[in-house]
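Chemist: with the sequence up front, the predicted model follows.
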Amino acid sequence: MNRDPYAIETVEALRETLGETLPGAETKILRELDDYYGAFLERSPFLVMATADDQGRLEASPKGDAPGFVVVEDEHTLVVPDRPGNKLAFGHLNILRNPHVGLICMIPGTPETLRIDGRAALTRDPQLLERLAARGRPAVLAIRIHVEHCFFHCAKAFVRSGLWRPEKWGERHRVSFGEMHAARSGADTRTARAIDEAIEKDARENL
């Protein structure tokens, strides 16, 4: 592989490119959840959780439910319920190997996001899972996170992307797992259609 002559490989080179941290920017980073963060989580229906294994290989997993699905136990602790999924468990396996996690929490239409870093642990405490129940079913397990850093991220990425502006969305991009399976395995269109129908049924009935 040819070496990139423009590669940034030192802190000095990085700072030469980006500049120094803006004055006062670091003061927004807290080590606990205050009332502003709690109010945001009460309205947030969606987050992305990043995990890494003991070799540093990363996964990022979406988590979502009704607003307030993330429970704040106290100023240093929050709990994320886990619902039925494909059981690949990449993120869960990572947490068992390396407890460090990062969250980006979102509210539709709000361009600021809440970023949280901390240490996670998995639990199957039946009382907690029942407390985290949704649609008449307890959570499968819970991810309890001890908060180490948290702060609001500015709106620029969402403003640039137009993510919350429907007029910017264009037509919906269709993802067909059935078509992908057929293309990779040589299956016929009937098999592809059956796979897509089964996945759509699961998404409706197995939340």
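Modeler: Structure's in. What do you need?
Chemist: please name the nearest non-neighbouring residue to the residue nearest to the spatial centre of the chain.
Modeler: Residue closest to the mean C-alpha point of the chain, counted by C-alpha atoms, centre = their mean, is V48 at 0.9 Å. Using C-beta to C-beta, 6 or more residues apart in numbering and skipping the chain neighbours, the partner closest in space to V48 is I104 (4.9 Å). Bear in mind the C-beta positions are built from the backbone N, C-alpha and C, glycine included.
Chemist: please name the nearest non-neighbouring residue to L30.
Modeler: C150 (5.6 Å).
Chemist: doesn't the one you found fall inside a strand?
Modeler: Yes: judged by DSSP: H, G, I helix; E, B strand; the rest coil, C150 forms part of a strand.
Chemist: that one: how many residues sit nearby?
Modeler: Per other C-beta atoms under 10 Å, the neighbour tally for C150 reads 23.
Chemist: could you shift the numbering so residue one becomes 44, and keep it that way?
Modeler: All right, first residue 44 from here; so that's C193.
Chemist: is it bridged to anything, and to what?
Modeler: L73, I159 (DSSP bridges).
Chemist: about what we covered before: need phi/psi at the residue nearest to the centre of the chain.
Modeler: phi -120, psi 130 (degrees, to the nearest 10).
Chemist: which residues touch it?
Modeler: Taking C-beta atoms under 8 Å, 6 or more residues apart in numbering, we find V91 in contact with 103-106, 146-147.
Chemist: do that again at 10 Å, thanks
Modeler: Each residue near V91 by C-beta atoms under 10 Å, 6 or more residues apart in numbering is listed here: 103-107, 145-149, 156.
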